[in-house]
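In: Task: produce atomic coordinates for the following.
(chains A and B)
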Amino acid sequence: MTEFWEEELSVVMLAAGDQPLSGEEVDVLWSLFSAIATHWQVEKIDPELMRSRWLDMLGARSSGQVDFRGEYRHAAEVWKLMVDKLTEPVAITKLFADTVVTKEDQAKSRIAHVKFYVANDFIRCFVAKGGFRGFVENARNYTGFMGGSRFGEWAPVRIGERR
Amino acid sequence: MTTAYDYVIVGSGVAATLVCDRLLEANPLTSILVLEAGERIPARDRRSWWDLVLAKRTPYSITYDDDKPGGDFQESYSVGNVLWTFKESRVRAYGGSTMHWGGWSLRFKEEDFECRSLTGRGADWPFSYSTLEPWYELAEQKLGVGGAMNDEGPKRRWGYPLPAYSWSAHESELAGAFEKHGLTPGHMPIARYKRCMTTGTCKYCPIGARYSAQDHMDTLLYEPAHANFHLKTGAPVRRVIANRNRVNGVEYLDATTGEWRVAHGAKIVVCAGTYESAKLLLASTSPDWPTGLGNRYDQVGRYIVTHLLFSVEGTRNDNPQGWFQEYDFPTLMSRSWDTPEKQADGKIFVFNNRALPKIEFDNLMVQGKSRKEIDEIVKGPRRAGLSAFIEEFGDPENRLSLAPGIGKFGLPKTRVSFSRRNPARFMETVTAAQAKLAECLASLGYERNEPMKENPRGDHASGVCRMGHNPDSSVTNGNLAVHGIENLFICSNAVLPNAAAVNPTLTLGALALRLGTWLAEGAHS
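Out: Numbers count the residues shown, from 1 in each chain, chains lettered A, B, ... in the order given. As a prediction, this is how the structure comes out:
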């Protein structure tokens, strides 16, 4: 029997609908986002410190062209089912390690939609908002990260002897 | 809204903005109409910024030239022996190309103003560096340029308004290699305007820190004292209306109604970038000017020139500190080959490749790499790169002209014919420079990869309405007035007599501030 997340789906983005995401959907999506730190073992990065920036991304991508709410809603449904049925550690491995979807025309199943339209963006958000520091000790900046200070109190990148 | 103004300004980029800044500073009630062919791109828009971070998509890419040969919507054509690239080289929107620039703000050097006299190539400016120096200072203040006073470069009376960025650790190491190979390292001067927070997304700054003409002109527009200052977007200007040696207005298309309109101006200032400035003159034919305004001597469109970008990359086997592109913009540069000694063969401006060493954690994770695999990649082979612009010289046979048909912004299509007279000699200079840059990298253990040369890109195109004393060899005079026409001015990179080796925007800014002040003083007198 085909699992729900393995069901085929058209590669076309899911319709956004008119309703905002519910609090419950946002909570499920947040657990998906938080799982990134778990999967890549970046224990020193606390996802809670990224929550406001993640919410900013979620809000920005939940309107205008293209509106991602349909994909977010679908991802929350799929992720919740996967965690309930497989347990979270197995669901994490299945989504982040076993499912690689880098092109739109590969998004042909429910889980492929979740990976391509939602999880990949969450990964990019996670890295840009500080996750890069979990991979390189003392790294200070990354594209998309606000590493500087308006008042220049600190160097925004690792510097050397010559400045 | 009235249809008669003190000034009608065509274009809304950095030149237009700085001219308006000076005019309104002198007299806030000066009546000005700015006509912009493109539309407003939302600035500091969270969604647009997230689209860049997550999908590398920018909101202005739709404004880029379509130069795909044979494509249904092709609007720009390269017809010379050297392929000229239009794509991604300019933004056609309110704010112009400052909507996507990196903010590099370098002054030309003293010898650039005497290129012909010193080398027998290119052209001399109608004035010297010292004439423009005070305007460079003001331009650096307006754009909020951060730099280092003691770096190599032209003489300057004062330091930069803002401090330079420190080199990253990788660039610090490269700086040491520069010194060993006769290159003096310097700090890239960057227009950080409202204090950069180093997000590395200069192509779309989320906080409006990197200078954009849109931000600046908005502050002028929203100033209540500027009651007679107006901007109209979606208004391509197709013709300047002339009566013998005076112009009295422009014809433009109102994109919202589809109607043609006329705006009258006591003075017309064309700040429409290199391509559109020349094309507007060429398209403005009349019985008095049968080949286009200011084109009695067939000079409009000639001498088009830009910079060739070339690079060298190398790879070493390790990356013990896990260095990567933390800034994502270059802060290391050198002007040691941007000197009078190098001028005859083309001066060269060297800078670090901002994108290297590259570790894209997000892409590795998206590809399903494990933590262990990513750790190995971080400590594994590391690439570094150096890039440079080389100066080329204006040739009368290289020219910009009108192509048949109308492009997507209601403006005539563009044709550029660009060829090199002695390509072998030019490439020898490039190849020799690449070899020296490769030596720098080799001294740090980088094994050279294949060298790269891009085709000339239109980003720094200039020369097609060049300044000069004589109407038979130039289009505009030292005050940027079109020869033979009292009240028509060109203020774009089109007027630069030569391209020098560095980015032209600060020089254009200085020229715009000088013109705006000169016009304002004239208006008062």
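
In: what separates B:Tyr331 from A:Gly59, distance-wise?
Out: To be clear, residue B:331 is Thr; Tyr isn't right here. As judged by C-beta to C-beta, to the nearest Å, B:Thr331 and A:Gly59 stand 33 Å apart. Backbone N, C-alpha and C define where each C-beta goes, glycine included.

In: Which one of the two is surrounded by more residues?
Out: Neighbour totals were compared for B:Thr331 and A:Gly59, and B:Thr331 leads with 25 against 14 (other C-beta atoms under 10 Å in any protein chain shown).

In: got the contact list for that one?
Out: For B:Thr331, the contacting residues are B:164-168, B:171, B:187-188, B:190, B:352, by C-beta atoms under 8 Å, 6 or more residues apart in numbering or on different chains.

In: Save those as TSV, and put in neighbour count too.
Out: What follows is the contacts of B:Thr331, written out as TSV (neighbours: other C-beta atoms under 10 Å in any protein chain shown):
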residue	neighbour count
B:Ala164	22
B:Tyr165	29
B:Ser166	21
B:Trp167	27
B:Ser168	28
B:Glu171	31
B:His187	24
B:Met188	27
B:Ile190	27
B:Asn352	27
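
In: Out of the residues you listed, which sit inside strands?
Out: Among the contacts of B:Thr331, the members found in strands (DSSP state E) are B:187, B:190, B:352.

In: closest to B:Ser31 among these?
Out: Ranked by distance to B:Ser31 (C-beta to C-beta), the ones in strands among the contacts of B:Thr331 are led by B:Ile190 at 35.0 Å.

In: which non-adjacent residue is nearest the closest one?
Out: Leaving out its chain neighbours, the residue that sits closest to B:Ile190 by C-beta to C-beta, 6 or more residues apart in numbering or on different chains is B:Gly103, at 4.4 Å.

In: Quick check: that neighbour touching B:Ser212?
Out: No. B:Gly103 lies out of contact with B:Ser212 (C-beta atoms under 8 Å); the separation is 9.2 Å.

In: OK, contacts around the one residue sitting closest to the centre of chain A?
Out: The C-alpha lying nearest the average C-alpha coordinate of chain A belongs to A:Phe122 (C-alpha atoms, centre = their mean; 1.5 Å). With contact set as C-beta under 8 Å, 6+ apart, A:Phe122 has these partners: A:32-33, A:36, A:54.

In: These also near chain B: which ones?
Out: Near chain B, judged by C-beta under 8 Å from any C-beta of the partner chain, the entries from these are A:Ile36.

In: For the contacts of A:Phe122, give me TSV that also has pLDDT and distance to B:Leu356.
Out: As requested, the contacts of A:Phe122 are exported to TSV (pLDDT from 0 to 100; distance: C-beta to C-beta, whole Å):
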residue	pLDDT	distance to B:Leu356
A:Leu32	98	33
A:Phe33	98	30
A:Ile36	97	26
A:Trp54	97	29
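
In: for chain A, what are the nearby residues on the stretch 301-450 of chain B?
Out: Residues of the stretch 301-450 of chain B lying near chain A (C-beta under 8 Å from any C-beta): B:321-328, B:359, B:361-362, B:365-368, B:370-371, B:374-375, B:378.

In: sorry, back to before: for chain A, state which of the ones in strands among the contacts of B:Thr331 is nearest.
Out: Within these, the smallest distance to chain A is 8.9 Å, found for B:His187 (C-beta to the nearest C-beta).

In: Can you give me every residue that contacts B:Ile359?
Out: Contacts for B:Ile359 (C-beta under 8 Å, 6+ apart) come out as A:135-136, B:322, B:324-325, B:377-378.

In: Per-residue pLDDT of it, please?
Out: The model reports B:Ile359 with a pLDDT of 96.

In: Please report the distance of it from B:Glu171.
Out: B:Ile359 is 16 Å from B:Glu171, where distance means C-beta to C-beta.

In: cool, B:Ala510 as well?
Out: B:Ala510 sits 28 Å away from B:Glu171 when distances are taken as C-beta to C-beta.

In: What's the local residue count around the one residue in chain B that gets nearest to chain A?
Out: Residue of chain B nearest chain A, by C-beta to the nearest C-beta: B:Ser172 (2.6 Å). The tally of other residues near B:Ser172 (other C-beta under 10 Å) stands at 19.
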